[in-house]
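Enquirer: Below: sequence and its predicted model.
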Amino acid sequence: MIPYGRQDISKDDIDAVVSVLQSDFLTQGPKVPEFEGVVCTYTGAKHALATNSATSALHIACLALDVGPGDVVWTSPVTFVASANCARYCGADVDFVDIDPKTYNLSISSLRAKLEQVAIDGGRLPKVVIPVHLCGQPCDMAGLKQLADQYGFLIIEDASHAIGGRYKDSVVGSCEFSDVTVFSFHPVKIVTTAEGGMAVTNDENVAKRMSLYRSHGVTRDADLMTHEPDGDWYYQQVALGFNYRMTELQAALGISQMARLDDFVSARHELAARYDKLLSALPVITPHQESFSYSGFHLYVIQVETEGSGPSHKEIFDSLRSQGVGVNLHYIPVHTQPYYRDLGFARGHYPVAEEYYSKAISLPLFHQMTYDQQDEVVAALKVALKGVG
């Protein structure tokens, strides 16, 4: 089976992890801050907090921005559930903004229209908006920031797919247009730490608060304590936090992987361009790329035309799987999940997202993918589109 995504582990990666295993620190040592420094250097962000997952990073970002009961957070319906759940963990409500039909990212025009209507109705404006850089392509961050300044909301970029990408002249993660940016290092992502995530920000106070929430709300910073420390051993719990820490092994792997990030993304772009050419004569919609963006290309999502007497979306998907192509679907619109339907959402609320879901298929894309594997995927797709196989 050709997987839709696959990690690339080199000898240097293995040596880096083994070196940590032979060191004095498996956790809370020097590698985590070193990894955070590497990501800061790459993105240009001033502060970074490594975590055990991107979900954890989203959660502490919301907490650090004071998301809580009575607030509402808006995000895209086409994303993994964590982009919405992070607000629910804080006791806040969630609402969604429909996607752009070309980029599949949160639609800036839909966001503007929704904000205007809520303001006219006297409803609750969002405390935070979480744009998702789906497949690695950045959202229109300048447009989003203009609305944030106008309506007074904060921005957390969910860049789980987008490390190595750029928006105009900014590296994704620079936080030029946002308060916090979150990355994922899951094995199918561009850079992996097995599991893991990171939140970056230019705001020192937000960084300090995320640091507290990452590690039980405990601090050894005397400036944050209620009184002078009892001694060198002393710490205080000054908030209710969590154990969201990344291990030293994960951080060592991340440092080693980051050295090849640009090569990873470049290889993905080459493969995506080759897919564009190979699929140009087929009845599928290939990914649209905005001129202002340089995608991380975590995913290559096509939309299949299913009108008429041809095979259905599901039949095409099943045919590809049966032919050994590990396609996937990113994502089921979050508002249609049973948990969110119980909160009042229903099919039909976000029609562009639902139309996307009815046609989308993620083809295999990973930076060490060979041309032979890619040709095999395209051949299988041709068979599937004919309704055989």
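Expert: Cool, got the structure.
Enquirer: how about the helices in this protein?
Expert: 11-21, 31-43, 54-64, 82-89, 108-121, 141-151, 204-214, 248-258, 261-278, 313-322, 338-341, 351-357, 371-385 (DSSP state H).
Enquirer: Could you give the number of residues near residue 61?
Expert: Applying other Cβ atoms under 10 Å, we find 31 residues neighbouring residue 61. Backbone N, C-alpha and C define where each C-beta goes, glycine included.
Enquirer: That one reaches residue 182, doesn't it?
Expert: Yes. Under the criterion of Cβ atoms under 8 Å, residue 61 makes contact with residue 182 at 6.1 Å.
Enquirer: any shared contact partners between the two?
Expert: 156, 199 (Cβ atoms under 8 Å, 6 or more residues apart in numbering).
Enquirer: picking up where we left off before, quick one, which of the helices of the chain is nearest to residue 171?
Expert: helix 31-43 (5.1 Å; Cβ to Cβ).
Enquirer: quick one: that closest one to helix 261-278, angle?
Expert: Here the directions of helix 31-43 and helix 261-278 differ by 50 degrees (axes from the mean of the first three to the mean of the last three Cα atoms, to 10 degrees).
Enquirer: Give the residue spans of the stretch 201-350 of the chain that score low on pLDDT.
Expert: Scanning the stretch 201-350 of the chain for pLDDT under 70 picks out nothing.
Enquirer: out of the helices of the chain, which comes closest to residue 298?
Expert: From the helices of the chain, taking Cβ to Cβ, the stretch that ends up closest is helix 261-278, at 7.8 Å.
Enquirer: Buried residues, the closest one. List them.
Expert: For helix 261-278, a neighbour-count test (16 or more other Cβ atoms under 10 Å) marks 261, 264, 265, 267, 268, 269, 271, 272, 275, 278 as buried.
Enquirer: just stretch 356-363 next, same as before
Expert: Applying 16+ other Cβ under 10 Å to stretch 356-363 flags 356, 357, 359, 360, 361, 362, 363 as buried.
Enquirer: And those, which is closest to residue 53?
Expert: residue 362 (20.8 Å).
Enquirer: Quick check: that closest one touching residue 330?
Expert: Yes. Here residue 362 reaches residue 330: they are 5.1 Å apart, a contact under Cβ under 8 Å.
Enquirer: which neighbours do these two share?
Expert: Both residue 362 and residue 330 are in contact with 299, 301, where contact means Cβ under 8 Å, 6+ apart.
Enquirer: need the contact list for the residue sitting nearest the centre point of the chain.
Expert: Centroid-nearest residue in the chain, with Cα atoms, centre = their mean: residue 160, separated by 2.1 Å. Neighbouring residues of residue 160 by Cβ under 8 Å, 6+ apart: 54, 80, 132, 133, 182, 183, 184, 186, 189, 197, 298.
Enquirer: so how far is residue 212 from it?
Expert: Going from residue 160 to residue 212 by Cβ to Cβ, to the nearest Å gives 23 Å.
Enquirer: quick one on the thing from earlier: out of the buried residues of stretch 356-363, which two sit at the greatest distance?
Expert: 357 and 363 (16.2 Å).
Enquirer: just to revisit the earlier point, now the buried residues of stretch 356-363 as JSON lines including distance to residue 373 and pLDDT?
Expert: Listed next are those as JSON lines, based on distance: Cβ to Cβ, whole Å; pLDDT from 0 to 100:
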{"residue": "356", "distance to residue 373": "26", "pLDDT": "98"}
{"residue": "357", "distance to residue 373": "26", "pLDDT": "98"}
{"residue": "359", "distance to residue 373": "24", "pLDDT": "97"}
{"residue": "360", "distance to residue 373": "21", "pLDDT": "98"}
{"residue": "361", "distance to residue 373": "17", "pLDDT": "98"}
{"residue": "362", "distance to residue 373": "15", "pLDDT": "98"}
{"residue": "363", "distance to residue 373": "11", "pLDDT": "98"}
